[in-house]
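> Got a sequence here, can you build the structure:
(one chain, ligands or ions: 2)
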Amino acid sequence: MGAVALITTAVVQNKPLPKNMKYGIVLDAGSSHTSVYIYEWPAEKENDTGVVQQIDACKVDGNGISSYAHDPPVAGLSLQKCMDKAREVIPEQQQRETPVYLGATAGMRLLRLNNATLADEVLSSVGSTLRSYPFEFQGARIITGQEEGAYGWITINYLLGNFLENSGWLGRLKQSATFGALDLGGASTQITFVSKKEIESQENSLHFRLYGKSYDVYTHSYLCYGKDQALRRQIAYTIPDANNSTILDPCFNSGYRRNTSTKDLYSSPCIAQQRISTAPSNIEIKGTGNYQLCKQKVEMIFNKTQCTYSQCSFNGIFQPNLEGEFGAFSAYYFVMDFLKLTNEKISLERVKEAVKTHCSRPWEEVLKEFPKIKEKYLSEYCFSGTYILSLLENGFGFNSENWKDISFLGKIKGSDAGWTLGYMLNLTNMIPAELPYSPPLSHGSYIGLMVFFSILLVFIILTCWLSLRKPKCLQKGII
Ligand SMILES: O=P(O)(O)OP(=O)(O)OP(=O)(O)OC[C@H]1O[C@@H](n2cnc3c(O)ncnc32)[C@H](O)[C@@H]1O
Ligand SMILES: [Ca+2]
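Ligands and ions are numbered 1, 2, ... in the order given. I've put the predicted structure just below:
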């Protein structure tokens, strides 16, 4: 009876409490669009690694918030649909304590360069919309390129479980290598990885202490090297003079045509050094679909001539040798996924062949095969594939040897790869510098041991009772 009572007490007393969930919302206000991410985690485990999960993502209709510079109040209004959805997803009683963060990236950095007042107006417009919801508004700001790189690196390593292989006791003794992070946006691109070598430039060096381990991390964000700005720069190199308004562009499939206004093209600070005064006001781009020529044109945007450090990537930016494995996300993933090149067994040479083949396809044929894909995306896969290869190979120094170290990642365990999760983990202090205390035994192992010892006790008592007539048992001191 006593033993049964012991088991029952152990099980009942130590039954895990019902899960008390917490929520967080992060808006990624990118140059091309805004996405709202909702995260959820058990309150009592918030300092453990790997417990935060993305439970919803909502893509805001229209372009990024910087595109509302001509009418800032609309920037805030554009967020309403997704924020209404967030209100439906998060339980009402949790809403008041759910933090909301908005981080704007390269599109807003460019707008701030062009017109700081307009950038502030756009930020206050999105801020006042977010304040009107029942959540705990924590600010709308332009994050730095360094933060963008760092939080992207934290996100993927948190999701991949690289900070601590297992959250159990034994797992704490084992620590695995981290993945470098490659993020390709519309207006900027980030590269971030742990480097054992000295980081020669202060602005590229980060130091983290996470879960009891120190990390020296290299990061750089290249403004104007996102896919959309790189395309603009590539086009701007071949702007004809006033007598001619047609560009033959090898980076678009043959048969593809696109009209663009020079005013719009030149509106970006990324084109500042490429503007020519004799440009026609409108230009017509005609695709010729030639990978080799496209590659030559794309490579013009990487300046490899000057470097004041021991080694550089391009444009005089210090970069140590690449180390370890990398996770490539955002446009790296969208484009490589479309081209069916995300399988890590595909060699660099085969990837080049595939991009070349795609570029050489007539536009009509591509359009017929993918009628549902947005024309902007579909028309740019030749350029994007070529640009990605150029950036990784010519820019960052990947080659046939280490190409296999790149994994193209969309989601990791159900959460999108990107900077937002890392941003929230940091701002809510959910990644402790030192290992959080946790009991050496899990709840299951504890119950298991209790049951085992109780059964053992019953067995011993029974044995002694049965041998009562042989008092030797007690004399030998079995109990
Ligand atoms: O980081 P920044 O530079 O601010 O930009 P962003 O956050 O808006 O950039 P995204 O990663 O959302 O997208 C990167 C690029 O990929 C494009 N893109 C988004 N979804 C895509 C898809 O499904 N197929 C192809 N391209 C896509 C998008 O238009 C951009 O040019
Ligand atoms: Ca982005």
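> domains of the chain?
Annotated domains of the chain cover 144-225+304-342, 227-300+348-399 [automatic domain parsing].
> So what would you say the end-to-end distance of the last one is?
To tie it back to what came earlier, the one meant is domain 227-300+348-399. End-to-end distance of domain 227-300+348-399 (CA to CA, to the nearest Å): 21 Å.
> Whether it contacts ligand 2 - can you check?
No: Domain 227-300+348-399 lies out of reach of ligand 2 by CB under 5 Å from the ion, never closer than 10.5 Å. (Each C-beta comes from the backbone N, C-alpha and C, glycine too.)
> starting at the chain centroid, how far to that domain?
Put simply, domain 227-300+348-399 sits 25 Å off its chain's centre (CA atoms, centre = their mean, to the nearest Å).
> State the mean pLDDT of it.
The predicted model assigns domain 227-300+348-399 a mean pLDDT of 95.
> One more: stretch 326-337?
Stretch 326-337 carries an average pLDDT of 98.
> Mind checking if it is in reach of ligand 1?
Yes: using CB under 6 Å from any ligand atom, stretch 326-337 reaches ligand 1 at 330-331, 334-335.
> what residue lies at the spatial centre of this protein?
The centroid of the chain falls nearest to Gly418 when counting by CA atoms, centre = their mean (1.3 Å).
> What's the separation between the closest residue to ligand 2 within the stretch 201-350 of the chain and Lys356?
Closest residue of the stretch 201-350 of the chain to ligand 2, CB to the ion: Ser330 (5.5 Å). Using CB to CB, to the nearest Å, we find Ser330 at a distance of 23 Å from Lys356.
> next one: Gly448
From Gly448 to Lys356 the distance is 59 Å (CB to CB).
> Show me which of those two is the more surrounded one.
Using other CB atoms under 10 Å as the criterion, Gly448 and Lys356 rank with Lys356 on top: 19 against 12.
> Output the longest helix belonging to the protein.
In the chain, assigned by DSSP state H, the helix with the most residues is helix 443-466.
> Average pLDDT for that helix, rounded please.
Mean per-residue pLDDT for helix 443-466: 76.
> when you give positions from now on, start the count at 756
Understood, numbering begins at 756; the last thing we discussed is helix 1198-1221.
> CA atoms only: put that helix into CSV for me.
What follows is helix 1198-1221, C-alpha atoms only, in CSV (Å, rounded to 0.1, in the frame of the first residue of the first chain):
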residue,chain,number,x,y,z
HIS,A,1198,10.6,14.6,-16.0
GLY,A,1199,10.2,11.2,-17.8
SER,A,1200,13.5,9.9,-16.4
TYR,A,1201,12.6,11.1,-12.9
ILE,A,1202,9.2,9.3,-13.0
GLY,A,1203,10.9,6.2,-14.4
LEU,A,1204,13.4,6.1,-11.6
MET,A,1205,10.8,6.7,-8.9
VAL,A,1206,8.7,3.8,-10.3
PHE,A,1207,11.8,1.6,-10.5
PHE,A,1208,12.9,2.2,-6.9
SER,A,1209,9.4,1.8,-5.6
ILE,A,1210,9.0,-1.6,-7.3
LEU,A,1211,12.4,-2.5,-5.9
LEU,A,1212,11.3,-1.5,-2.5
VAL,A,1213,8.1,-3.6,-2.8
PHE,A,1214,10.2,-6.5,-3.9
ILE,A,1215,12.5,-6.2,-1.0
ILE,A,1216,9.7,-5.8,1.5
LEU,A,1217,7.9,-8.8,0.1
THR,A,1218,11.0,-10.9,0.1
CYS,A,1219,11.6,-10.1,3.8
TRP,A,1220,8.0,-10.7,4.7
LEU,A,1221,8.0,-14.1,3.0
